[in-house]
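[1] After the sequence you'll find the predicted model.
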Amino acid sequence: MLEGSFFIMQENLQKHAELALKVGVNLQKGQGLLINAPIEAAEFVRIVVKKAYELGAKNVHIEWKDDELTLLKMENAPMEVLEEFPEWRKDALTGMAKDGYAILSIYGENPDLLNGIQPEKVSAVTRASSIALKEYRNYMMNDLSRWSIIGYPTSGWAEKVYPELSTEEAVNALWKEIFRISRTDRDNPVEEWKQHNERLRQAREYLNKKSYAKLHYTAEGTDLTIELPEGHIWHGGAAVAADGVTFNPNIPTEEVFTMPHKYGVNGKVTSTMPLSFQGQLIENFTLTFKDGKVVEYTCEKGEEALKQLLNADGDGASRLGEVALVPHESPVSQSGKVFYNTLFDENASCHLALGKAYPTNIEGGADMDEEQLDKHGVNDSIVHEDFMIGSATMNIDGITKDGTSEAIFRNGAWAIDFE
Ligand code: ZN
Ligand code: ZN
């Protein structure tokens, strides 16, 4: 590496850490910080931790993850171990959330890691952690905690995105894309994010004012109508946590999103990018919905994984929990790359999610019990998996309560002039 690029790299790492803390979790004086990170990211984590203490963190706790160790356990541990999530770990994580810790995930999974592992084992681990960590995750799903996910190019992930490069070159290339897409490499990223959040605010406020009854999607292979529940709320960009402090759950983020009515989705939708689920890729698939549920599907690659996903629980995984609008000309799609990582790929284009809806996407959702959530059309599931449906030819219309159709997206871009 050249000396000049070494300094740029160091500067960007500092700015990336600052983004994570100031824009991402918006760490406050006296607050604890829980960091989930791959062991490969140790050098970057140390920068984050140093800055966190400078900002007044009372304690920083790291939950390290290592792909090699995950794999060894998956290959060797007996099923009864995989099926169980240790109580002490659940208590520790939930305890920190309860204690008001901000939660930062430094994220860069190898999408192929679990390819050779029996799907039943992967499902068992996912199910066990979903159930054990329900309360911990609720702190995030309901914005009770301030939380954020920021990208980090682990070698396994980078090699997947750039198979033609050496590992070192691949990691550098992926850093470059992460810095660009996250706006880290701008002169003043914190200020850039203020402006970006402002644009997203205008879009979500427009949609909230309109309060459409339905959205109608048309594109090649797609003709889908999505009913939006009464009292649905569009979010996007900065969110406000229970303590009144703003934060950005995802860096990057380009979406405004709300929840579909779990019983009100009809028609057919075609995926436009691969979906990486439990280390397996699901490609070129279609889903046909009737009254909110997937009743038919086709899939060119990864059908077994798609089946696992749709049957992950009762029927929550075969209904939708999120509908998100992203212009096709986003920084992610400008790269023309598939990142095999939802944090990046979901910001490429319009998407939907199978599984759990965010209760914050409906008025009073955080206070509803399970029965009320169901009555209002709010989907519940142990999974939440985004998949891309947007393209340069996608049109979306909003259908008002009196049945009038209004253009929202034309040819993959906003059809609305926000003032
Ligand atoms: Zn989304
Ligand atoms: Zn999502």
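    Good, I have the coordinates. Ligands and ions are numbered 1, 2, ... in the order given.

[2] What residue in the stretch 51-200 of the chain comes nearest to ligand 1?
    Here the stretch 51-200 of the chain gets closest to ligand 1 at one residue, Ile149, 11.6 Å apart by CB to the ion. Using the backbone N, CA and C atoms, a C-beta is placed for each residue, glycine as well.

[3] Adjacent strands (with direction) for the helix or strand where that residue lies?
    For Ile149, the host element (DSSP states H and E) is strand 147-151. Sheet pairing of strand 147-151 (DSSP bridges) gives strand 102-107 (parallel), strand 250-251 (parallel).

[4] Now do that strand: distance to the chain's middle.
    9 Å (CA atoms, centre = their mean, to the nearest Å).

[5] now do stretch 217-232
    20 Å.

[6] could you dump it to CSV, C-alpha only?
    Only the C-alpha atoms of stretch 217-232 are listed here, as CSV (Å, rounded to 0.1, in the frame of the first residue of the first chain):
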residue,chain,number,x,y,z
TYR,A,217,-46.4,-2.4,-7.8
THR,A,218,-45.8,-3.1,-11.5
ALA,A,219,-42.6,-4.2,-13.2
GLU,A,220,-41.4,-7.1,-15.3
GLY,A,221,-42.7,-10.3,-13.5
THR,A,222,-44.4,-8.2,-10.8
ASP,A,223,-48.0,-7.2,-10.3
LEU,A,224,-48.6,-6.8,-6.6
THR,A,225,-51.0,-5.0,-4.4
ILE,A,226,-50.1,-4.3,-0.8
GLU,A,227,-52.7,-3.0,1.6
LEU,A,228,-51.3,-0.7,4.3
PRO,A,229,-52.9,-1.0,7.7
GLU,A,230,-54.9,1.8,9.3
GLY,A,231,-52.5,4.0,11.3
HIS,A,232,-49.4,2.8,9.5
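
[7] which stretches of the stretch 1-150 of the chain form helices?
    For the stretch 1-150 of the chain, the helices defined by DSSP state H, counting those that start in this stretch cover 3-18, 42-54, 67-76, 79-82, 87-98, 119-132, 134-141.

[8] Least reliable of these by average pLDDT, please.
    For the helices of the stretch 1-150 of the chain, mean pLDDT drops lowest on helix 3-18, to a mean of 89.

[9] Show me the contact partners of that one.
    Residues from elsewhere that reach helix 3-18 (CB atoms under 8 Å, 6 or more residues apart in numbering): 1, 43-44, 47-48, 51, 150, 175, 178-179, 182, 184-185, 189-190.

[10] Lowest mean pLDDT among the helices and strands of this protein, which one is it?
    strand 275-277 (a mean of 84; mean pLDDT, DSSP states H and E).

[11] Show me what the next helix or strand after that one is packed up against.
    Note on strand 275-277: by DSSP H and E, the next helix or strand toward the C-terminus is strand 280-290. With contacts defined as 3 or more CB pairs under 8 Å, 6 or more residues apart in numbering; DSSP states H and E, the packing partners of strand 280-290 are strand 265-270, strand 275-277, strand 293-301, helix 303-310.

[12] wait, which of the ones you listed is closest to ligand 1?
    Nearest to ligand 1 among those is strand 275-277; the distance by CB to the ion comes to 12.6 Å.

[13] show me the contacts for the residue of the stretch 51-200 of the chain closest to ligand 1.
    Shown in contact with Ile149 (CB under 8 Å, 6+ apart): Gly24, Leu104, Ser105, Tyr107, Pro249, Asn250, Ile251, Leu343.

[14] What is the burial count for the closest residue to it other than its chain neighbours?
    Leaving aside its chain neighbours, Ile149 sits nearest to Ser105 (4.5 Å; criterion: CB to CB, 6 or more residues apart in numbering). Around Ser105 there are 23 other residues, counting by other CB atoms under 10 Å.

[15] State the distance from whichever residue of the stretch 201-350 of the chain sits closest to ligand 2 to Gln195.
    At 4.6 Å from ligand 2, Glu322 is the closest residue in the stretch 201-350 of the chain, using CB to the ion. According to CB to CB, to the nearest Å, Glu322 and Gln195 sit 25 Å apart.

[16] With neighbour numbers in mind, choose between those two.
    Remark: of Glu322 and Gln195, Glu322 carries more neighbours, 23 against 10, as counted by other CB under 10 Å.

[17] Name the SS class of that one, please.
    Look at Glu322: counting by DSSP: H, G, I helix; E, B strand; the rest coil, its state is strand.

[18] Number the chain from 54, please
    That works, and once the first residue is 54, the last one we named lands at Glu375.

[19] Export only the CA atoms of stretch 342-356, formatted as CSV.
    Provided in CSV are the C-alpha atoms of stretch 342-356 (Å, rounded to 0.1, in the frame of the first residue of the first chain):
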residue,chain,number,x,y,z
PHE,A,342,-49.5,-13.9,-2.4
LYS,A,343,-53.1,-14.5,-1.5
ASP,A,344,-54.6,-12.6,1.4
GLY,A,345,-51.1,-11.9,2.7
LYS,A,346,-49.7,-15.3,2.6
VAL,A,347,-47.3,-16.9,0.1
VAL,A,348,-49.3,-19.6,-1.6
GLU,A,349,-46.9,-20.3,-4.5
TYR,A,350,-43.3,-19.8,-5.3
THR,A,351,-40.7,-20.5,-8.0
CYS,A,352,-37.0,-20.3,-7.5
GLU,A,353,-34.0,-20.8,-9.8
LYS,A,354,-31.4,-21.3,-7.2
GLY,A,355,-31.5,-22.0,-3.5
GLU,A,356,-35.0,-23.4,-3.4
